[in-house]
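Give me a 3D structure for the following:
(2 chains)
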There are 2 protein chains.
Amino acid sequence: MAVVCHGHQRLDQHSPPRLALLPMSSAASDHELFMKQAIRLATENPDAPFAALLVNRKSGDIVATGINQSSTNPTLHGEIAAIHDFAQRSGEGWNELTLYSTAEPCCMCQGAILWAGIREVFFGASISDLIRIGWKQIDIPAQEVVHRSWKPELTIHGGVLAEDCKQLFRDAISDRRR
Amino acid sequence: MAVVCHGHQRLDQHSPPRLALLPMSSAASDHELFMKQAIRLATENPDAPFAALLVNRKSGDIVATGINQSSTNPTLHGEIAAIHDFAQRSGEGWNELTLYSTAEPCCMCQGAILWAGIREVFFGASISDLIRIGWKQIDIPAQEVVHRSWKPELTIHGGVLAEDCKQLFRDAISDRRR
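Residues are numbered from 1 along each chain as shown, chains lettered A, B, ... in the order given. Coordinates of the predicted model:
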């Protein structure tokens, strides 16, 4: 499985390099544009600024969105909310989707991404970043969840606009302490 | 964290024994009765006989149920469906709940159980059992998910009516191959 990292992050430097089977038509800047959209969405829940988008790689369209709503249902992290949104709207063509998330999917969300058949993930802040900032987390990297599964074609790219994403999570913690 | 195992299973024999903080008023046979209910529920989806119950430990009432509906929404494993059911019905008192599931929660479901604050899990067939039978699985034991989190008071008990549960999953695989 190819693991592409941006910025300072190295998710799995020991994984054997493997080409992603899906064409990557978007330039890196497109990924940043989608992450900016995820960040904008995350600001709608400043207490838990976890948000996710699902983008159809062929059309480049945002086909589903999700904002953390865990105060009403503990499973509704941004990624799960986006998956529900897509399941309700269409529910077909999961393998054409790329997920963008302000934070690395936890094992609940990465499990959901695997079961759904989504083949590409871009995230901003890592689980390690979140723990350092003070967030309660399950310390299992998304890449490890994939590695311990049936090893589908799924690439995970970490650290996209990581500083902007980390700032969201720092601000949320600061606001709580005020 | 106390880990109690039934039958041949040893989930985490190296964990330091620790008493569960919640009173266990039910006898072992009660757990089997609840598991029988979960098995009965699972037969409603013979292709994917994963089902779960949430039981209030104080009242002994079944307060939510879930059957695998992953063909309509990939996140809807039995456990997640039961959590949604409880969130919709009440959404309060998660720490009073015990979850019964025909199979060991995958990391998606165990993550959801953690985030919800459920403090006790009983399962039938283990992830290892499912893999041996031929099911595609994420090979991360539920106990490991808990161990790599913030380590809440949560006990996991494996192997309840394991043979009956394993037979459900064997039958489902046999039916597929027919």
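
Packing partners of the one helix or strand A:Val121 maps to?
Assigned by DSSP states H and E, A:Val121 belongs to strand A:120-125. Packing contacts for strand A:120-125, counted by 3 or more C-beta pairs under 8 Å, 6 or more residues apart in numbering or on different chains; DSSP states H and E, involve helix A:28-42, strand A:97-103, strand A:155-158, helix A:162-177. In short, each C-beta sits where N, CA and C put it, glycine included.

Make CSV from these and add mean pLDDT to it.
Shown next, in CSV, are the helices and strands packed on strand A:120-125 (pLDDT from 0 to 100):
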stretch, mean pLDDT
helix A:28-42, 93
strand A:97-103, 98
strand A:155-158, 97
helix A:162-177, 94
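
most neighbours per residue, which of these?
strand A:97-103 (a mean of 29; mean count of other C-beta atoms under 10 Å in any protein chain shown).

And the contacts of the helix or strand just after that one?
Next helix or strand after strand A:97-103 toward the C-terminus (DSSP H and E): helix A:107-116. Helix A:107-116 is contacted by residues A:75, A:77-80, A:83, A:94, A:99, A:101, A:105, A:121, A:138, A:140, A:142, A:145-146, A:149, A:152, A:154, B:70, B:74-75, B:77, B:106-112, B:114-115, B:138, B:140, B:145 when judged by C-beta atoms under 8 Å, 6 or more residues apart in numbering or on different chains.

Please report how far the residue most central in space within chain A lies from chain B.
Nearest to the mean C-alpha position of chain A, by C-alpha atoms, centre = their mean, lies A:Ser101 at 3.2 Å. According to C-beta to the nearest C-beta, to the nearest Å, A:Ser101 and chain B sit 15 Å apart.

And for A:Pro141?
Computed as C-beta to the nearest C-beta, the A:Pro141 to chain B distance reads 10 Å.

Quick check, that residue in contact with A:Pro105.
No - using C-beta atoms under 8 Å, A:Pro141 is not in contact with A:Pro105; the gap is 9.6 Å.

more crowded one of the two?
A direct count of neighbours by other C-beta atoms under 10 Å in any protein chain shown for A:Pro141 and A:Pro105 places A:Pro105 higher, at 27 against 20.

How about the contacts made by the closest residue to the more buried one other than its chain neighbours?
The shortest distance from A:Pro105 to any non-neighbouring residue, by C-beta to C-beta, 6 or more residues apart in numbering or on different chains, is to A:Ala142 (4.8 Å). Residues counted as contacts of A:Ala142 (C-beta under 8 Å, 6+ apart) are A:Glu104, A:Pro105, A:Cys107, A:Cys109, A:Gln110, A:Ile113, A:Val121, A:Phe123, A:Ile127, A:Ile156.

again, only this time at 6 Å
A:Glu104, A:Pro105, A:Gln110, A:Ile156 (C-beta atoms under 6 Å, 6 or more residues apart in numbering or on different chains).

Just the closest of these to B:Glu32, please.
A:Gln110 (33.3 Å; C-beta to C-beta).

Name the residues of chain A found near chain B, please.
Proximity of chain A to chain B, by C-beta under 6 Å from any C-beta of the partner chain, involves residues A:73-75, A:80, A:83, A:87, A:106-108, A:111-112, A:115-116, A:136, A:138-140, A:148-150.

Low-confidence stretches in chain A?
Along chain A, segments meeting pLDDT under 70 span A:1-28.

what about A:Ile67, distance to chain B?
16 Å.

what sits opposite that residue in the beta ladder?
A:Ala51 (DSSP bridges).

tell me the contacts of it?
A:Leu41, A:Glu44, A:Asn45, A:Ala51, A:Gly78.

Quick one: the residues you listed as JSON lines, columns for distance to B:Arg132 too.
Compiled in JSON lines, those are given as follows (distance: C-beta to C-beta, whole Å):
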{"residue": "A:Leu41", "distance to B:Arg132": "42"}
{"residue": "A:Glu44", "distance to B:Arg132": "45"}
{"residue": "A:Asn45", "distance to B:Arg132": "42"}
{"residue": "A:Ala51", "distance to B:Arg132": "39"}
{"residue": "A:Gly78", "distance to B:Arg132": "35"}
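
could you flag which of these are buried?
Buried members of the contacts of A:Ile67, counted by 16 or more other C-beta atoms under 10 Å in any protein chain shown: A:Leu41, A:Asn45, A:Ala51, A:Gly78.

A:Arg177: which of these is nearest?
For the buried ones among the contacts of A:Ile67, the nearest to A:Arg177 is A:Asn45 (17.8 Å; C-beta to C-beta).

how about the closest one, secondary structure?
Three-state call for A:Asn45 (DSSP: H, G, I helix; E, B strand; the rest coil): coil.

pretty sure it is touching A:Asn68, no?
Yes - A:Asn45 is in contact with A:Asn68 according to C-beta atoms under 6 Å; the separation is 5.3 Å.
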